[in-house]
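A.B. asks: Here's a sequence, model it:
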Amino acid sequence: MNRLALALALALVACNKDSSARPPAAAATPVTAATGGPAALDALDKRTPVPLLPMMADHQKRNMRDHLLAVQQIVAAVAVDDFAGIEQAASRIGFSEPMGQMCEHMGTGAPGFTELALAFHHQADRITVAARAGDKVGVLAELGTTLQACTGCHEQWKQQVVDEAGWQRVAGAPPPMAHGAGH
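C.D. replies: Next up, the predicted model:
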C-alpha cells in the first residue's frame, strides 16, 4: 500500500470512530460583566479608545468588514489580471467625500484618529492608480502599504462604546441623529 493510500485509510478510520467513546468536553464557564469579563479585557488592551455611540460602532464595524471584503476581491482580481475588478474593489476603500465626512464624524472624540483614517483612504486610492496603469506589481505594492495602514490603525485604536452623555462629553455636541451616522 502506498503512503497516500495509507494516509487516506487512517484519516477515514479516525473520522469514523465512535465519538461517544470520547469523554465530553468540560463546560466552559462564561465570563460575564459581573465577573470582570469585558472590563478585564478592556484593561489589558492599551490601545487608544475611539468613543462611539452604539450605532456608530456598529456602522464602523460593518465598514471594516466591507474593507476586508474589498481587499479579498482585490487579491482575487490580481490573481487573474482583472484590473477593472481591482479598480472596482479598491474604489470601495478609496477616498470619497462621504467617506471623509464619516471619518471625521467617527473621529470626533479621538484626536488623531480622523487624520489616520483619511490617510488610509488616500493610500487605497493608489491601488486604483496602479490598476488603471495595468501595473500588477504596483497594485500589490500599494495593497501591501494599504494593509500596513490597516494593521497600524488597529494596533493603535480600539472602539469604546459610550452612551449619549459620554458622547456629548467627548464630542462637545449632542449625539447625531440615528440617520446621520449612516453615510
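
A.B. asks: Distance of the most centrally placed residue in the chain relative to R126?
C.D. replies: A centroid search over the chain (Cα atoms, centre = their mean) returns M64, at 3.8 Å, as the residue closest to the centre. Remark: distance between M64 and R126 (Cβ to Cβ, to the nearest Å) = 20 Å. For every residue, glycine as well, the C-beta is placed using N, CA and C.

A.B. asks: before we move on, what about L53?
C.D. replies: Taking Cβ to Cβ, one finds L53 at 32 Å from R126.

A.B. asks: which helices and strands does the strand or helix carrying L118 pack with?
C.D. replies: Counting by DSSP states H and E, the element that carries L118 is helix 113-132. Contacts defined by 3 or more Cβ pairs under 8 Å, 6 or more residues apart in numbering; DSSP states H and E place helix 113-132 against helix 83-91, helix 97-106, helix 136-156.

A.B. asks: other SSEs contacting the first one?
C.D. replies: Packing contacts for helix 83-91, counted by 3+ Cβ pairs under 8 Å, 6+ apart, involve helix 54-79, helix 113-132.

A.B. asks: Redo those helices as CSV? Include mean pLDDT and distance to K46.
C.D. replies: Below are the helices and strands packed on helix 83-91 laid out as CSV (pLDDT from 0 to 100; distance: least, Cβ to Cβ, whole Å):
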stretch, mean pLDDT, distance to K46
helix 54-79, 97, 19
helix 113-132, 97, 16
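
A.B. asks: Of all these, which one comes closest to Q160?
C.D. replies: Nearest to Q160 among the helices and strands packed on helix 83-91 is helix 54-79 (8.4 Å), distances taken as Cβ to Cβ.

A.B. asks: re the thing from before, what's the most buried one of the helices and strands packed on helix 83-91?
C.D. replies: helix 113-132 (a mean of 19; mean count of other Cβ atoms under 10 Å).

A.B. asks: got the contact list for that one?
C.D. replies: The contact list for helix 113-132, computed with Cβ atoms under 8 Å, 6 or more residues apart in numbering, reads 48, 50, 74, 83-84, 86-87, 90-91, 93-96, 99-100, 103-104, 106-108, 138-139, 141-143, 145-146, 149-150, 152-153, 156-157.

A.B. asks: now do stretch 81-96
C.D. replies: So stretch 81-96 is contacted by 66-67, 70-71, 73-74, 76-78, 118, 120-122, 124-125, 127-128, 131-132, 134, 136, 139, 146 (Cβ under 8 Å, 6+ apart).
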